[in-house]
Structures are given as C-alpha cells and as structure tokens.
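Asker: Please work out how this folds:
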Amino acid sequence: MAALQATSVLVSSSSSSSGCSLKRTIAASIKVPKPSILSFADHPGAVIAKKLAEELSIRNSYSFAEPLQIDVAQKDRILEPHLSPASSIETTTKLYAILEAVEDRVEMHHNIGEQRDNWNKLLLNSVNMMTLTATTMAAMAATMPATSLRVCSALLFTAATGMSLVISKIQPSQLAEEQRNALRLFKELRSKIKSMLALRYLTESDLKETMEKVLALDRAYPLPLLGAMIEKFPAKFQPATWWPRVSNNRRQSRGRKTVTNTEQNGWSEDLEVEMRAIVQVLKSKDKQDYLRLGNLALKLNKMLAVSAPLLTGIATASSAFGGSMATTVAAIAGAMAAIVNSFEHGGQVGMVVEMYRNCAGFFELVEETIEMTLEERDYSKRENGEMFEMKVAMKLGRSLSQLRDLARKSVASCIGGTEVDEFGSKLF
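Answerer: The predicted model follows:
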C-alpha cells in the first residue's frame, strides 16, 4: 500500500510539467522503487509495508537474478544426508571403546618399558660394583690375610651371585625391547582404528577383527613377569607372533569357495605371480637369515647367562675357604664374572635376541598376509591390487619398480635353479 501511495504522489506532482517531462515521469513511476529508498517511519502501516517490500525484493532476486552457484559435492551432502543405521552407530561406539583401551595400553607399555630399561642399567651397575669390590677384597686378602676381608668378600660374592641369577633369568634388556615393540605395534593399531573410524562404515566383522588383534598383542607381549613372561631361553628359536592366526580349516574353505564375481579389483595374473615371487624371496632369504642370526644370539645368551652366576659362585666358595690360593682364585673368578656381566647385559644380548625374533615375525606376517590375500577367491573381498602392491613395497623399503625387479629375479632364479642375489627387505 505504501508503494502504491508513493507512486500516485509522484504521478500527481508531475502533471503540471511539460509533455516530455510528463512522459519521463510516468515511465519512471512504473518501476517499483527499492524498499531501502522509501521512508516508512511516518506511516501507520510502515512496519507491515516494510516486511512486504523486503519479501518482494527477496522473491524478485530469486526469480530474475543470476542462478545460485552451489558446489556439486556440497549439494549432494545437503540433499542426501548421511544416515547411519543403529547397528553402525553401536559398532562405532564399541570401536571407540576399543580405541580407549588401546590408548591405555600404549601408555602402560611406554611406562613399563622405561622402567625395565632402568632395571637393566641399575642391576648391571649394582652387580658389577659388588663383584669388583669383592674381587678387590679377595686380592687384598691373598697378600695380607685378614678374616674380615674374606668374610666381606664372601658376602658380596654371595649377593652378586643371587642378583646375577635373577638378571640372567628375567633378562631386563630383552624385557625392555619387548615393551618397545609392543608400544610400536599398539601405536600402529591405534592409527588403523582411527583411519577406520574416519574413512568408512564399520561392521561387526571389523569390530571382531580389531578385538582379536588387541588380544593377540596382549598374548605376544605380556606385562606381568611371573607366570606370563615370555620364555627367555626356549629350546628352539621361534619368530614373534603378535597377530591373530587363521586356522587351516578356514584357509581351506576360503580357497575352495566358488565365486561368480568377475571384477578384478585392481588384480591381474601378473600381479599375483609377482606377489608369490616376493613371498618366495622372503622365505628363502630374509626370514631364514634372521632365524639363523637369532639362533646364534640365543646360544650366546644362554652361555653368558650360565657363565656369570657360575663364576661368582666359584668366587664365593673360594673366598669362604680362605688361604692364599683360594683367595687368588676368588679374585680371578670375580674379575671374569664382571667381564661376562658387562658383555651380556651391557651389550644387551637379550635385546638382540628379541630384535631378531621380532624381525623374523615381521617377515612371517608379510608372507601370511600375501598368502591369505591370494587365497581369497572373491576379488571384491580383497584389498585393491594396486594399493596392496604399494603397501608391500613400502613395508620392504622398495619402490614399485624395485619390487617388480625383485619379483622378476625370483622367477628367473626358480626357472634357472639359481639363488636370488639380494634380500627382499631394504629396511633391515
């Protein structure tokens, strides 16, 4: 109403002008003025008229203005909202609970790893100080016989023998390496869980698989010392296993499955041949080499673990008997015990054994992962072939071209009956 009244006022005021100016005024009065130009403050219906004018202006701008530009991806997100089923929300909540448990395990293994590394240093220093002090007393007792020197020497050698037995049994350097490996693997699992939560829908099978991985890591790297501690001197050197193993029956059922899906999902016959050739190299070169080195380190550690307490025990008995010859033997045995302890625990031979055990387990995991993937007959359930090839190359510290060259060498060695002249991994 206010707009029409304003128009009539303009028309009536221009009627006394000339004909040319009248035409210009009428032409100008036909256009609807912008609401912001008019003043509605003095009219009783100013508020209502202003709202109507604003609504008209908005409608006209949508009808005649340039079409609104909306990003296609944003439009899809607006028009098709992400709806998660109740089961997916429940699974996601459970996975967040598992993530919290993994975060707690990361912190626990970090703290206990530092504690056990301190054990190794403190116990080694304590044993060596007691052994060397007792050795000095035994040497002094050989030159100037004194009962007090022999008694103190015998007591120190006895304490050193007991502590040496404990250190040789628990192997603090190996315990610290176990916690470092567990910390690294739990961090890796934490990153995978976060990626799963960020990138895709979750299913019950994802939840079950993640829980199995957590429990497998708990079994592989236990926290307590009594009862659950890993055997430090096994009869046979075995690779570490920190992933859930698949039974043979399940693997056979996967291999016998008949699949009608013909989509390759990035896989080809050449890629499968390449992966099998890589497995052959890892089995014959990398894994075998670390098993050999691990066996040697384990035998050396056994010998040193027996020698140190044995030498301090001899020193204890010799010092207790007294006499010039006995105290001399005690001094020599004590000096040799200090050398053996320093080499075993200062050189962290137990840590080297655990490192070889973990490396052999890494190559076994890569082999099993490739074999399980190739046994899956349904390509849609496999990981994309190109992505899988890239992951294997990165795990082995190679580029894609280097990985394919290694596969060609492996195939040529099988045909010619020769041995591949390099290892599969370039990392370690």
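Asker: Secondary structure element for the nearest residue to Gly322 once chain neighbours are set aside, which one?
Answerer: Using CB to CB, 6 or more residues apart in numbering and skipping residues adjacent in sequence, the residue nearest Gly322 is Arg150, 5.5 Å away. Just so you know, the C-beta spots here come from the backbone N, C-alpha and C atoms, and that holds for glycine as well. Arg150 is part of helix 147-170 when elements are defined by DSSP states H and E.
Asker: Which residues are in contact with the closest residue to Phe157 other than its chain neighbours?
Answerer: Spatial nearest neighbour of Phe157, chain neighbours left out: Thr316 (3.9 Å); criterion: CB to CB, 6+ apart. Thr316 sits next to Ala154, Phe157, Thr158, Thr161, Ala330 when contact means CB atoms under 8 Å, 6 or more residues apart in numbering.
Asker: ok, the last one - contacts?
Answerer: Neighbouring residues of Ala330 by CB under 8 Å, 6+ apart: Ala134, Thr135, Ala138, Ser153, Phe157, Ile314, Ala315, Thr316, Ser318, Ser319.
Asker: Domain map for the protein?
Answerer: Using automatic domain parsing, the domains assigned to the chain come out as 2-69, 86-226+264-416.
Asker: of those domains, which approaches Trp242 most closely?
Answerer: domain 86-226+264-416 (3.8 Å; CB to CB).
Asker: thinking again about what came up before, worst average pLDDT in the domains of the chain?
Answerer: Among the domains of the chain, domain 2-69 has the lowest mean pLDDT, at a mean of 43.
Asker: Check the gap between Thr418 and Ile98 for me.
Answerer: 48 Å (CB to CB, to the nearest Å).
Asker: If you count surrounding residues, which of those two has more?
Answerer: The residue with more neighbours, out of Thr418 and Ile98, is Ile98; 17 against 10, by other CB atoms under 10 Å.
Asker: ok, so of the contacts of Thr316, who is nearest Ile278?
Answerer: Out of these, the member with the shortest distance to Ile278 (by CB to CB) is Thr161, at 50.4 Å.
Asker: And for the closest one, the neighbour number?
Answerer: By other CB under 10 Å, the residues close to Thr161 number 23.
Asker: so the following helix or strand past the helix holding Arg150 versus helix 147-170, what angle?
Answerer: Using DSSP H and E, the next helix or strand after helix 147-170 towards the C-terminus is helix 172-199. Angle, helix 172-199 to helix 147-170, by axes from the mean of the first three to the mean of the last three CA atoms, to 10 degrees: 30 degrees.
Asker: tell me which residues in helix 172-199 are buried?
Answerer: 172-183, 185-187, 189-190, 193, 196 (16 or more other CB atoms under 10 Å).
Asker: next one: stretch 95-108
Answerer: Buried-residue list, stretch 95-108, by 16+ other CB under 10 Å: Leu95, Ile98, Leu99, Val102, Arg105, Val106.
Asker: Show only the entries of those residues found in helices.
Answerer: Using DSSP state H, the members of the buried residues of stretch 95-108 that fall in helices are Leu95, Ile98, Leu99, Val102, Arg105, Val106.
Asker: Tabulate the residues you listed (JSON lines), appending distance to Glu274.
Answerer: Listed next are these as JSON lines, based on distance: CB to CB, whole Å:
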{"residue": "Leu95", "distance to Glu274": "34"}
{"residue": "Ile98", "distance to Glu274": "35"}
{"residue": "Leu99", "distance to Glu274": "35"}
{"residue": "Val102", "distance to Glu274": "34"}
{"residue": "Arg105", "distance to Glu274": "36"}
{"residue": "Val106", "distance to Glu274": "35"}
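Asker: wait, which of those is closest to Ser205?
Answerer: Leu95 (11.9 Å).
Asker: which other residues reach stretch 117-124?
Answerer: Met163, Val166, Ile167, Pro172, Ser173, Leu175, Ala176, Asn341, Ser342, His345, Gly346, Gln348.
Asker: now, the most widely separated pair of these?
Answerer: The span of the contacts of stretch 117-124, defined through CB to CB, is set by Leu175 and Ser342 at 18.8 Å.
Asker: pretty sure Leu207 contacts Leu95?
Answerer: Yes. Using CB atoms under 8 Å, Leu207 makes contact with Leu95 at a distance of 5.9 Å.
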